[in-house]
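Undergrad: Show me the folded form of this:
(chains A and B)
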There are 2 protein chains.
Amino acid sequence: MKRTHPGELRTIVATNIRRLRHERGVSQQDFALTIEMDRTYFGAVERGERNVSIDNLERIALGLNVPAWQLLKDS
Amino acid sequence: MKRTHPGELRTIVATNIRRLRHERGVSQQDFALTIEMDRTYFGAVERGERNVSIDNLERIALGLNVPAWQLLKDS
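TA: Residues are numbered from 1 along each chain as shown, chains lettered A, B, ... in the order given. Here you go, the predicted model:
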C-alpha cells in the first residue's frame, strides 16, 4: 500500500471519519459539539479540505472511540 | 487501546518516526534533506514538539517507505 501522490492521505482520513461518524448515527454538527471543535472546520476536515493536525486527529479519534491510526488506514 | 490524554499521539508518532529512521541508518539531517523538509522542523517532530499535519505525516511516511497509519500505531 504505497502512497503515490501527496494529499491522498487527507482523502483517506476524510472518508474514514465520515464513515465512522455515520456508523455512530451522529450529525456533523453534534459530533463537532461533542469534541469541542468548530463545526465549519470539522466539515472541511470531512471533505479533505484541511491539512488536519495530529492533535486534532487525536481528538476526533477519541470522539469516535477508535485508535487514531485507524483513521489513516485505507479500507 | 484507548487514548487517555491529549498529546499522547504526538509522542507515539515521534517515537515511531525516530525508530524507523534509525532502522534505515539515516541521519536526521539526511532524511530531512531527502524528503525536502526543514531539518530543524523535522527534529522537533521527532521530539514530539510539533503538532505535525497530515500532509507532513504523509511526506515522512513516503520517505520511510511505510504506510502512514503505521506511524500512529503504538507498538
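Undergrad: gap between whichever helix in chain A runs longest and the chain center?
TA: Secondary structure of chain A read by DSSP state H shows that its longest helix is helix A:8-23. Centroid displacement of helix A:8-23 relative to its chain, using Cα atoms, centre = their mean, to the nearest Å, is 5 Å.
Undergrad: cool, and stretch A:34-42?
TA: The answer for stretch A:34-42 is 11 Å, by Cα atoms, centre = their mean.
Undergrad: Repeat that for stretch A:34-48.
TA: Distance, centroid of stretch A:34-48 to centroid of chain: 8 Å (Cα atoms, centre = their mean).
Undergrad: What are the buried residues along that stretch?
TA: A:37, A:42, A:45, A:46, A:48 (16 or more other Cβ atoms under 10 Å in any protein chain shown). Heads up, the C-betas are built off the backbone N, CA and C, glycines and all.
Undergrad: returning to what we had before: put the alpha carbons of the helix or strand following the longest helix of chain A into CSV.
TA: Remark: after helix A:8-23, the chain's next helix or strand is helix A:28-34, criterion DSSP states H and E. Below are the C-alpha coordinates for helix A:28-34, written out as CSV (Å, rounded to 0.1, in the frame of the first residue of the first chain):
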residue,chain,number,x,y,z
GLN,A,28,-21.6,16.6,11.8
GLN,A,29,-22.8,19.4,14.0
ASP,A,30,-23.5,17.3,17.1
PHE,A,31,-20.2,15.5,16.7
ALA,A,32,-18.3,18.7,16.4
LEU,A,33,-20.0,20.0,19.5
THR,A,34,-19.2,16.8,21.4
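Undergrad: ok, how many other residues are close to the closest residue to residue A:38 other than its chain neighbours?
TA: Nearest residue to residue A:38, sequence neighbours excluded (Cβ to Cβ, 6 or more residues apart in numbering or on different chains): residue A:32, at 6.8 Å. For residue A:32, the count of nearby residues is 22 (other Cβ atoms under 10 Å in any protein chain shown).
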